[in-house]
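1. What shape does this take:
(one chain, ligands or ions: 1)
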Amino acid sequence: MNSIVMASPDRAFLPPVVNVQSLSRRFGNGPRVLDQLNLNIAHGEFVALLGHSGSGKSTLLRTLAGLDPVTEGNVSRPTEISVVFQESRLLPWKKVWQNITLGQDNATREQALPVLEEVGLGHRVDAWPLTLSGGEAQRAALARALIREPRFLMLDEPFAALDALTRLRMQELVFALWQRHKSAVLLVTHDVDEALLLADRAVVLDAGRIKVELPISLPRPRRHADLEFERLRSTLLRHLGVQ
Ligand SMILES: Nc1ncnc2c1ncn2[C@@H]1O[C@H](COP(=O)(O)OP(=O)(O)OP(=O)(O)O)[C@@H](O)[C@H]1O
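-> I've put the predicted structure just below:
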């Protein structure tokens, strides 16, 4: 299946911070889960990755994160990366500030505090993870990602387990953090509206290949009610085979 590039965004002319070339992956003797995939992400670009369950989104993200080996093809990306998953993955026996500085030698509570304040968790710096709400736990996960000042931030369905209102708040937070920190972002999501609210570009994966790349040049802040938003939603849903 050929990849369809629907327009050429300005950022495409900047050097990529992530470069994936002919990346293939199979598990055992199974079919290719990633199939000669090519993808560039520009400095500071926000890319949303969509696709049906099993299309290879998490496998791609895990490969980019270095959690899965590159067995066929090439991947280059910065060393300063962070990943946020659907579950916060906080260690229950460590306080919130200790969780977000985990792995950083000599890190102090004072260093953790401003980052926790930035994600709206300044009042929970000494809390135990099990006392956090789902939204708070994901805020802590974001703080843990940001304190490393990543040049490339990967988000694997980070809000999928949250209620609708919390999800909206988290989307606003991620948008604000992205504007402030200017790292490149790859967001895996099943939510077309989330992609349209946040991303510069939506990439639809199908059977391990990029089926369509859709630049989203809507002005920000974005509104669901805009006609162009509606049009892009229909286009994306059509490519996902929903409409
Ligand atoms: N460790 C593994 N061993 C064997 N097969 C795997 C493994 N990890 C993933 N797969 C298979 O690879 C395919 C792609 O999985 P992947 O998790 O990347 O899809 P996805 O697009 O992220 O799906 P979802 O939206 O449901 O999370 C699936 O068929 C899955 O069963």
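2. At which residues are the strands of the protein located?
-> Taking DSSP state E as the test, the strands found in the chain are 4-5, 16-26, 32-42, 46-51, 72-76, 81-84, 152-156, 184-188, 201-206, 209-215.
3. Send over stretch 193-212 as CSV, restricted to the C-alpha atoms.
-> Taking Å, rounded to 0.1, in the frame of the first residue of the first chain, the C-alpha atoms of stretch 193-212 are listed here in CSV:
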residue,chain,number,x,y,z
ASP,A,193,-10.1,14.6,18.3
GLU,A,194,-7.1,14.4,20.6
ALA,A,195,-4.9,14.1,17.5
LEU,A,196,-6.6,17.1,15.9
LEU,A,197,-6.5,19.2,19.1
LEU,A,198,-2.8,18.7,19.7
ALA,A,199,-0.7,17.6,16.7
ASP,A,200,1.0,19.3,13.8
ARG,A,201,0.7,16.1,11.9
ALA,A,202,-1.4,12.9,12.1
VAL,A,203,0.1,9.6,10.9
VAL,A,204,-2.1,6.6,10.3
LEU,A,205,-0.5,3.2,10.6
ASP,A,206,-2.0,0.2,8.9
ALA,A,207,-0.5,-3.3,9.1
GLY,A,208,2.9,-1.8,10.0
ARG,A,209,3.0,0.8,7.2
ILE,A,210,2.1,4.4,7.1
LYS,A,211,-1.2,4.6,5.2
VAL,A,212,-1.6,8.4,5.4
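4. okay, and the helix or strand of this protein with the least pLDDT?
-> strand 4-5 (a mean of 43; mean pLDDT, DSSP states H and E).
5. hey, least reliable of the strands of the chain by pLDDT?
-> Between those, the lowest average pLDDT goes to strand 4-5, which shows a mean of 43.
6. Let me see the mean pLDDT of the longest helix seen in the chain.
-> The longest helix of the chain (DSSP state H) is helix 164-181. Here helix 164-181 scores 92 as its mean pLDDT.
7. do stretch 93-105 as well
-> 94.
8. Within range of the ligand, give me the residues from the protein.
-> 27, 33, 51, 53, 54, 55, 56, 57, 58, 59 (CB under 6 Å from any ligand atom). (C-beta placed from N, C-alpha, C; glycine too.)
9. Kindly reformat the residues you listed as CSV and extend each row with neighbour count.
-> As requested, the residues of the chain next to the ligand are exported to CSV (neighbours: other CB atoms under 10 Å):
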residue, neighbour count
27, 10
33, 20
51, 23
53, 7
54, 12
55, 21
56, 23
57, 24
58, 19
59, 21
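10. measure the residue of the chain most remote from its centre to residue 214 for me?
-> Distance to the chain centre peaks in the chain at residue 29, reaching 29.4 Å (criterion: CA atoms, centre = their mean). Look at residue 29 and residue 214: by CB to CB, to the nearest Å, they are 34 Å apart.
11. what do you get for residue 78?
-> Remark: distance between residue 78 and residue 214 (CB to CB) = 25 Å.
12. Which one's more surrounded, these two?
-> residue 214 (22 against 13; other CB atoms under 10 Å).
13. who's the nearest residue to the more buried one once chain neighbours are set aside bridged to?
-> Closest residue to residue 214 apart from its sequence neighbours, by CB to CB, 6 or more residues apart in numbering: residue 202 at 4.5 Å. In this entry, residue 202 is beta-bridged to residue 48, residue 214, by DSSP bridges.
14. Kindly report the same for residue 40.
-> Listed by DSSP bridges, the beta-bridge partners for residue 40 are residue 19.
15. Hmm, it is touching residue 15, no?
-> No. Taking CB atoms under 8 Å as the definition, residue 40 is not a contact partner of residue 15, at 9.0 Å.
16. of the two, who's got more company?
-> A count of neighbours by other CB under 10 Å puts residue 40 above the other of residue 40 and residue 15, at 16 against 8.
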